[in-house]
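Asker: Show me how the following folds:
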Amino acid sequence: MRTVVFRFLLLLAPAGLGLLGSCAPPPPPPKANLAMYDWFDDQGPGEVAVKIRLRDQVADVTRGGRPIGWSYVATGKEGHGTRPGAFRIMEKIVDKQSNRYGWTEDEFGNVTNPDAKAGEKVPAGETYVPAPMPYWMRLTSYGIGMHAGIIPQPGKPASHGCIRLPHDFAPLLYDAVKEGTPVKIEP
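Answerer: Take a look at the predicted model:
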């Protein structure tokens, strides 16, 4: 709750005045206690909108302009950057798999290549497994969307271009949005 109040106060504070005697926000809590998201949807009037801040690796969700949640995200790592811009959710699929990326595993289920690409030659005795992308919300015709996924280091990019959401947060957002919901990705 302190995070929510602080974020709200930051939105209200005039630029340069600072809060609590400082112009900078307090340091983040230790990673062991790091909250990955908050969801406080009031179910009130208004349409849902999502804003992704690439610099912070954070998604902010509003309904009718009121904050209803936020989450850490993992966007495109170097060489796979997530493009800023204004998008709309084009498609929603609860149980989707990637048609581009996955991993290979041996006959015992041990991962032998954690970053395999669809169509690459798979060594004999191994199997290609497409990456799961649950709660898929498509943003582009070329395969970029938001979905549940691993966020190995909050605040740092890690994906092949998609916006990964915490596993517990993804179904909350999925239920709140619809096809046509605006998603703004800022640098």
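Asker: When you work out contacts or count neighbours from here on, use the C-alpha atoms and nothing else.
Answerer: Noted.
Asker: Show me where the chain dips below the pLDDT cut-off.
Answerer: Counting by pLDDT under 70, the ranges of the chain that qualify are 1-33.
Asker: so where do the helices sit in it?
Answerer: Secondary structure of the chain, counting by DSSP state H: helices at 2-12, 170-176.
Asker: Next, count neighbours for residue 68.
Answerer: 22 (other Cα atoms under 10 Å).
Asker: swap that for residue 103, sorry
Answerer: 18.
Asker: same question, residue 125
Answerer: 9.
Asker: buried residues in stretch 126-145?
Answerer: Neighbour counts using 16 or more other Cα atoms under 10 Å place 126-139, 144-145 of stretch 126-145 among the buried residues.
Asker: Need the max-distance pair from these.
Answerer: Farthest-apart pair in the buried residues of stretch 126-145 is 126 and 139; separation 32.7 Å (Cα to Cα).
Asker: Would you mind giving the domain segments of this protein?
Answerer: With domains defined by automatic domain parsing, the chain comprises 1-34, 37-186.
Asker: among those domains, which is the most enclosed?
Answerer: Sort these by mean neighbour count, taking mean count of other Cα atoms under 10 Å, and domain 37-186 sits at the top with a mean of 18.
Asker: gap between the nearest residue to residue 42 once chain neighbours are set aside and residue 179?
Answerer: Nearest residue to residue 42, sequence neighbours excluded (Cα to Cα, 6 or more residues apart in numbering): residue 68, at 6.7 Å. When Cα to Cα, to the nearest Å is applied, the distance between residue 68 and residue 179 equals 19 Å.
Asker: what residues are up against residue 56?
Answerer: Residues near residue 56 by Cα atoms under 8 Å, 6 or more residues apart in numbering: residue 155.
Asker: Kindly report the same for the one 4 residues further on.
Answerer: Neighbouring residues of residue 60 by Cα under 8 Å, 6+ apart: 50, 51, 52, 67, 69, 70, 71.
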